[in-house]
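**Q** Following is a predicted model, sequence given first.
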Number of protein chains: 2
Amino acid sequence: MNNKNRQMKLGAFFMIPGHHVASWRHPESHIDEILTFDLYRKLAQTAERGKFDMIFFADGYAVHDHDGIGIEQTVNVRPDPLTLLSALSVVTTHIGLASTASTTYNEPFHLARKFATIDHLSRGRSAWNVVTSSSEAEALNFSKDHHLEHSARYERAEEFVEVVKKLWDSWEDHALLVNKKSGRFADPNQVHHLNHKGNWFSVKGPLNMARPIQGHPVIIQAGSSESGKELAAKTAELIFTAWQTISEAQSFYRDVKGRLKKFGRTEESMKIMPGVFPVIGRTEKEANEKKQQLVELIPEQVGVGLLSSLISYDLSEYPVDEPLPELPDIKDINGAKTRFQLIKDLGDRENLTIRQLYQRVAGARGHREIKGTPLQIADQMQEWFENGAADGFNIMPPYMPGGLDDFVDLVIPELQNRGLFREEYTGHTLRDHLGLSRPVNQFQKLNV
Amino acid sequence: MNNKNRQMKLGAFFMIPGHHVASWRHPESHIDEILTFDLYRKLAQTAERGKFDMIFFADGYAVHDHDGIGIEQTVNVRPDPLTLLSALSVVTTHIGLASTASTTYNEPFHLARKFATIDHLSRGRSAWNVVTSSSEAEALNFSKDHHLEHSARYERAEEFVEVVKKLWDSWEDHALLVNKKSGRFADPNQVHHLNHKGNWFSVKGPLNMARPIQGHPVIIQAGSSESGKELAAKTAELIFTAWQTISEAQSFYRDVKGRLKKFGRTEESMKIMPGVFPVIGRTEKEANEKKQQLVELIPEQVGVGLLSSLISYDLSEYPVDEPLPELPDIKDINGAKTRFQLIKDLGDRENLTIRQLYQRVAGARGHREIKGTPLQIADQMQEWFENGAADGFNIMPPYMPGGLDDFVDLVIPELQNRGLFREEYTGHTLRDHLGLSRPVNQFQKLNV
């Protein structure tokens, strides 16, 4: 904490056309371009101009659809993020390229190879946000009747990550000889079968792709439940998490960093980056107006639908101007448990009606909203950063590209003035930016 | 056949660093760049300069590994082709972007979305080569003990394609309203659940991505067995196939085109493009020397391994300077049946030893080799094209980039001089290039 040279890590969260559920209706949203590469190119290049550590895509494998209302009123088309990242690697040079991919409905071999490919194409800039899929709608798109129960999802995820890492390590760094004269393309002693046989997967290997430039793409996680924290302490190098107050964030920070030692890891080997939803105005009044403008664009059914999905509980039959009904016990929630608790607490603490609550979370979706002038926003980020609550932040612009432009043009220079953020990239890979070491290959023989 | 304006369709087969098994050892191969984007960029731009209809990536989900020999002596690292295509869409403007993806170890939802995304990013240039996976090594990378039996693979493939097409159609072309004022993003009446329940998949849908620009990416197939031909007649718009002689090719052409009618299709709705392995010299002597140079670069074990893999039968224990041993009956071959027959016939017909046979197939791998001057090569292509054996060709350069450069610089101008190939692109999408119509949406209500 006392390292004077310590600087924030920043991710630009690319939920397009913005993190606010009504962002697409904002006059400045480029919603018409959502299916064109140009929009993504501009956004990635803006983030790179801002010297962000990385851009980051969320993902999901189903539409939001509630009796047709979701289809009618929300943005339900999203290009496949891994496919986008690959294209974006061509038009950027330094910024990290991160994407969510679920362990619940994928195969380790495919994901290992795709991330390895992006890592090579981008010369060491890829990252994988490891998630589990928790919605029934996704299960129904993958020949399942129900989605996996919470603990089974995490067991599968843990084994999935283990297999992917083995696949990345299956070719040692110097396995490729490429000797035209001798005809030796690779050294078989440096290429390894996994022969993995677990509860969820059996994978012989090796991968049909060389080890990634970064050794492993950076591993990101977001789960904050007990199982999520354990999995993160074992495997994550970067954590995206959602907290409303500094005390909660500090307690999470201490908790997760405290778990690292038992896995033989240092505190520096993991960066904790809470989400931040910044509403930026040149004055406080302008910031408030910006927020209010977005609130007014939320159709009631969309607001109730979003809130229902965030707490994994259908609220559509309850009066919207009354407080939350009696909710099930958290142990019976087979969705994102931490998000459920966080939003329930927020409603209880401030005695909010369903409408007030969805208006509150329609932007940040459970993450922290910071609203104000660039100086006020920098202040609030600095407070968390310097007081054991965060190593950096995942920035969630309310709408795109305007919200990202504002952050890059107004907030980043202020962070740079305070010495809290880089002015230029000093390395080439995402690991360089984040200060993460390159993983040792688990198959490599010790030098004896 | 008598259409004077009929022109060839040409695909550039991107097996990197070349279609010949020893291509990587060729002095001019750029094997050192195989993991860099620059190589693929140069190749794609060369093909586009040649006005090819498309570039095309093969794929597989396992290394070739025979007691370590395969690892040592063959090129076993290949970037994921869909990931490459996406990046290549950024640095090209017209050429089609085709990739193989297996129906045996993928999920329809993922493939539908990835190809739809590439189709949007490239403004309508994507194509999917539908294959089944037939190697045991691939099964072992996907938690299976054995690979699927031939007819089960085809049943799964047929249902897979059906589901993917439904997913592409799940959003009608005009489903997106994107009306900021009314808050209506999409018209629910134009977005469809599939509610597909079949023997292999149950998929509710809709896809979380808009309908591809081309309606459907172009569907390619390569299978030439009885099940392969039936599946092709039902679903393929372009067929890659391997024939040694014009009479075999003509018979296949008549056979498959003859099956179209029962599926309500016209002959023009399918293009048949046999593979061609061109060895180009300024003189016949130079062409022969080029071929011989590659032959001499094949290590014996690599040659035997390739031949074994092409016929799905292990030849490593047999004397290499004797003819093929007694082989199993084709009905017991659970690999690529047509390839097995074709190579067995070639060996029998010319009474070749195992060594002579692997030298013969190490380049074309069962496809047609045409060797000679640019004029001779154009002659041979023209003969097939004008005599009911082909609508075009899938060009398989022996080594890259030199073999592709030669074809573009020496053969294409000759084809253009003869009026057999375009001098400029006249359309924008791959369907435009190939003269294929845009599919009608199966969910669209008839105008009544």
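**A** All right, it came through fine. Here the structure is a predicted model, which means the values were calculated and not measured.
**Q** of all of the stretch 201-350 of chain A, which residue lies closest to chain B?
**A** Closest to chain B within the stretch 201-350 of chain A is A:Lys204: 4.0 Å, counting by Cβ to the nearest Cβ. Heads up, the C-betas are built off the backbone N, CA and C, glycines and all.
**Q** per-residue confidence for the closest residue to that residue other than its chain neighbours?
**A** Excluding the flanking residues, the one nearest A:Lys204 by Cβ to Cβ, 6 or more residues apart in numbering or on different chains is B:Leu140, at 4.0 Å. According to the predicted model, the pLDDT of B:Leu140 comes to 96.
**Q** Next up, the contacts around B:Leu140.
**A** B:Leu140 sits next to A:202-204, B:62 when contact means Cβ atoms under 8 Å, 6 or more residues apart in numbering or on different chains.
**Q** what's the answer for A:Asn179, then?
**A** A:Phe185.
**Q** do the one 5 residues further on as well
**A** Remark: with contacts taken as Cβ under 8 Å, 6+ apart, A:Arg184 is in contact with A:177, B:72-73.
**Q** what does A:Ser133 give?
**A** A:60-61, A:102, A:104-105, A:139, A:147-148, A:153.
**Q** and what of A:Leu420?
**A** Here A:Leu420 is in contact with A:7-8, A:378, A:381-382, A:385 (Cβ under 8 Å, 6+ apart).
**Q** which one of those has the most neighbours?
**A** Sorting these by how many neighbours each has (other Cβ atoms under 10 Å in any protein chain shown) puts A:Met381 first, at 27 neighbours.
**Q** Averaged pLDDT, whichever strand or helix holds it. What do you get?
**A** Per DSSP states H and E: A:Met381 is located in helix A:374-386. Mean pLDDT, helix A:374-386: 98.
**Q** Give me the pLDDT value at A:Asn179.
**A** pLDDT recorded at A:Asn179 is 97.
**Q** beta partners of it?
**A** With DSSP bridges as the criterion, A:Asn179 is bridged to A:Arg184.
**Q** Parallel or antiparallel, which strands does the lengthiest strand in chain A pair with?
**A** Secondary structure of chain A read by DSSP state E shows that its longest strand is strand A:271-280. Sheet pairing for strand A:271-280, assigned by DSSP bridges, gives strand A:238-241 (parallel), strand A:368-372 (parallel), strand A:392-395 (parallel).
**Q** returning to that earlier point: of the contacts of A:Arg184, which is the most crowded?
**A** B:Gln73 (27 neighbours).
**Q** Okay, strands next: where are they in the stretch 1-150 of chain A?
**A** With DSSP state E, counting those that start in this stretch applied, the stretch 1-150 of chain A shows strands at A:9-13, A:54-57, A:96-102, A:126-131, listed in chain order.
**Q** Save those as CSV, and put in mean pLDDT, mean neighbour count and distance to chain B too.
**A** Shown next, in CSV, are these (pLDDT from 0 to 100; neighbours: other Cβ atoms under 10 Å in any protein chain shown; distance: least, Cβ to the nearest Cβ, whole Å):
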stretch, mean pLDDT, mean neighbour count, distance to chain B
strand A:9-13, 98, 26, 18
strand A:54-57, 98, 27, 12
strand A:96-102, 98, 25, 10
strand A:126-131, 96, 26, 10
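**Q** which stretch among these comes nearest A:Ile412?
**A** strand A:9-13 (8.0 Å; Cβ to Cβ).
**Q** Residues in contact with the helix holding A:Met381: which ones?
**A** Here helix A:374-386 makes contact (Cβ under 8 Å, 6+ apart) with A:1, A:8, A:246, A:249, A:274, A:276, A:278, A:280, A:284, A:370-372, A:389-393, A:410-411, A:413-415, A:418, A:420.
**Q** what residues does the stretch 201-350 of chain A put near chain B?
**A** Taking Cβ under 8 Å from any Cβ of the partner chain as the contact definition, the stretch 201-350 of chain A meets chain B at A:201-210, A:297, A:299, A:302.
**Q** now, among those residues, which is nearest to B:Gly18?
**A** A:Asn208 (17.4 Å).
**Q** Nearest residue to that closest one in space, please, no chain neighbours.
**A** Nearest non-adjacent residue to A:Asn208, counting by Cβ to Cβ, 6+ apart: B:Val63, 5.0 Å away.
**Q** quick one: that neighbour from A:Gln250, how far?
**A** 48 Å (Cβ to Cβ, to the nearest Å).
**Q** between the two, which one's more packed in?
**A** B:Val63 (25 against 16).
**Q** so that one makes contact with A:Met209?
**A** No - with contact defined as Cβ atoms under 8 Å, B:Val63 does not reach A:Met209; the gap is 9.5 Å.
**Q** Please identify the buried residues of the helix ranked longest in chain A?
**A** Counting by DSSP state H, the longest helix found in chain A is helix A:150-169. The neighbour-count check on helix A:150-169 (16 or more other Cβ atoms under 10 Å in any protein chain shown) flags A:150, A:153-169 as buried.
**Q** Ok, stretch A:305-319 next?
**A** Neighbour-count burial for stretch A:305-319, counted by 16+ other Cβ under 10 Å, picks out A:305-313, A:315.
**Q** and those, which of them are in helices?
**A** A:305-310.
**Q** For the stretch 1-150 of chain A, which residues score under the pLDDT cut-off?
**A** A:1-4 (pLDDT under 70).
**Q** Filter the contacts of helix A:374-386 down to the buried ones.
**A** By 16+ other Cβ under 10 Å, the contacts of helix A:374-386 give A:8, A:246, A:249, A:274, A:276, A:278, A:280, A:370-372, A:389-393, A:410-411, A:414-415, A:420 as buried.
**Q** before we move on, the earlier item: let me know the angle separating the helix holding A:Met381 from strand A:368-372.
**A** Counting by axes from the mean of the first three to the mean of the last three Cα atoms, to 10 degrees, helix A:374-386 lies at 150 degrees to strand A:368-372.
**Q** who's in contact with A:Gln341?
**A** A:Ile330.
**Q** how about it, phi and psi?
**A** phi -60, psi -40 (degrees, to the nearest 10).
**Q** any idea how far it lies from A:Ile280?
**A** For A:Gln341, the distance to A:Ile280 (Cβ to Cβ) stands at 29 Å.
**Q** so A:Ile311 makes contact with A:Asp345?
**A** No - counting by Cβ under 8 Å, A:Ile311 does not reach A:Asp345; the two are 11.0 Å apart.
**Q** Show me the contacts of A:Ser133 that map onto helices.
**A** Filtering those for helices - DSSP H - leaves A:139, A:153.
**Q** list the buried ones in stretch A:176-185?
**A** Across stretch A:176-185, burial judged by 16+ other Cβ under 10 Å covers A:176, A:180, A:183-185.
**Q** What are the boundaries of the helices in the stretch 301-448 of chain A?
**A** Under the criterion DSSP state H, counting those that start in this stretch, the stretch 301-448 of chain A contains helices at A:337-350, A:354-364, A:374-386, A:402-406, A:412-417, A:430-434.
**Q** And A:Ile71, how close does it get to B:Glu296?
**A** 63 Å.
**Q** For those two, indicate the residue with more neighbours.
**A** More crowded of A:Ile71 and B:Glu296, by other Cβ under 10 Å: A:Ile71, with 24 against 10.
**Q** Show the contacting residues for that one.
**A** A:63-65, B:186, B:188, B:191, B:206.
**Q** Restrict these to the buried ones and give me that as a PyMOL selection.
**A** Buried residues within the contacts of A:Ile71, by 16+ other Cβ under 10 Å, are selected in PyMOL with:
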select buried, (chain A and resi 63+64+65) or (chain B and resi 186+188+191+206)
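**Q** With distance to A:Tyr40 added, can I get the contacts of A:Ile71 in JSON lines?
**A** What follows is these, written out as JSON lines (distance: Cβ to Cβ, whole Å):
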{"residue": "A:Val63", "distance to A:Tyr40": "20"}
{"residue": "A:His64", "distance to A:Tyr40": "21"}
{"residue": "A:Asp65", "distance to A:Tyr40": "25"}
{"residue": "B:Ala186", "distance to A:Tyr40": "21"}
{"residue": "B:Pro188", "distance to A:Tyr40": "27"}
{"residue": "B:Val191", "distance to A:Tyr40": "23"}
{"residue": "B:Pro206", "distance to A:Tyr40": "23"}
